[in-house]
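Asks: Here you go, sequence then predicted model.
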Amino acid sequence: MKTKLVILVTALLASHSVSAAFKSNNWSDEMNDVKVYEQYTSNRGSSIGFRCDVQKGKYKDFMLTFASKENVATPSNGRVAIKMRVDDGEVYNLKGKTFSNSYKSGVIKSFPESLLNSIRSGNKLLVNIHVYNQLKMNQSFSLSGSAKALKETADRCDFVVNSNPDLDRKIKEIERKRDKEIKEITSKYENEIQTLKSSYK
C-alpha cells in the first residue's frame, strides 16, 4: 500500500513538473561582430524558438524564430503569414520573413507581449504558416521548459517580458488546488495505512 501511495503522489507531481524540452543554438558572426543566442523546441523536423542578436556596441534584437521541414517561401517571396495559438487561447496573426539563404526558416520581429506570456505559461503551441493563402506548415510544439528558455534568451537582449497579473492569479489558483488535492490524497492513504497496521496488532 505504501509503495502505491508513493507512486500515486509522484505521478501527480510529475504531471505538473517542467522538463527542459528547449535546446540552445548559440553562435558568432565574427565578420559583423554579432553574437546569436537561440533557444528552440522542435517537432517532426519543424521548430519554433526565441532568438537574441547582439552586435557589440550597437544593438540587441529580440525575436521569434521558425523553421519548417518543407519550403514555406519562394525566391520571389520570403514573407509569410503565421498564426499561433497557445492551448485553447487567442489566435495571433503574425508576419514573418525567411532568411536570405533559406526558404524554410526565418524570424518574426513583431509580436504582442501577451503572446509571450501565453507561451511561457502554456502547454502546447500550434503554428500555421501560410504563403499566398496556402497552408505550408501545420505543426504543434510542446512548451515544456518555455519559461526558462524565454527568460534566458530575453535576458541576453535586456528584453523584459512583463507578467500578466490575471494569468498569474489563475495559475496560482490551479497550483493551490493541485497542492490541496495532493495533501488530501496523501492524508487519505496515510490513514488507510495506519488503520491497516492497527488491525494487525
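Replies: Sure thing, it's come through. For clarity, every value in this text was computed on a predicted model and none was experimentally measured.

Asks: Show me what the longest helix seen in the chain is packed against.
Replies: Using DSSP state H to define each element, the chain has its longest helix at helix 165-199. Counting contacts by 3 or more C-beta pairs under 8 Å, 6 or more residues apart in numbering; DSSP states H and E, helix 165-199 packs against helix 2-14, helix 113-121. (Glycine included, C-beta is placed from N, CA and C.)

Asks: Tell me, please, where in this protein the pLDDT is lower than the cut-off.
Replies: Within the chain, the ranges that satisfy pLDDT under 70 run 1-20, 164-165, 167-168.

Asks: Provide a list of residues in contact with Ser42.
Replies: Lys23, Ala67, Phe141 (C-beta atoms under 8 Å, 6 or more residues apart in numbering).

Asks: Distance of it relative to Asn77?
Replies: Distance of Ser42 to Asn77, given as C-beta to C-beta, to the nearest Å: 25 Å.

Asks: surely Asp29 meets Val36?
Replies: Yes. Here Asp29 reaches Val36: they are 7.0 Å apart, a contact under C-beta atoms under 8 Å.

Asks: Between the two, which is the more surrounded one?
Replies: A count of neighbours by other C-beta atoms under 10 Å puts Val36 above the other of Asp29 and Val36, at 16 against 11.

Asks: Need phi/psi at that one.
Replies: Dihedral angles of Val36 (phi, psi; degrees, to the nearest 10) stand at phi -110, psi 130.

Asks: who touches Ile129 in this structure?
Replies: The contact partners of Ile129, taken as C-beta under 8 Å, 6+ apart, are Phe66, Ser68, Val72, Val80, Ala81, Ile82, Lys83, Gly96, Leu135, Lys136, Met137.

Asks: Quickly find the element holding it.
Replies: Assigned by DSSP states H and E, Ile129 belongs to strand 124-131.

Asks: Most neighbours among the contacts of Ser42, please name it.
Replies: Within those, most neighbours by other C-beta under 10 Å means Phe141, with 23 neighbours.

Asks: quick one on the thing from earlier: would you reformat the contacts of Ser42 as TSV and include secondary structure and distance to Ser163?
Replies: As requested, those are exported to TSV (DSSP: H, G, I helix; E, B strand; the rest coil; distance: C-beta to C-beta, whole Å):
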residue	secondary structure	distance to Ser163
Lys23	strand	25
Ala67	strand	29
Phe141	strand	22
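
Asks: Distance to Asn101 added to the residues you listed, as a markdown table?
Replies: Converted to a markdown table, the contacts of Ser42 look like this (distance: C-beta to C-beta, whole Å):
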| residue | distance to Asn101 |
| --- | --- |
| Lys23 | 22 |
| Ala67 | 13 |
| Phe141 | 24 |
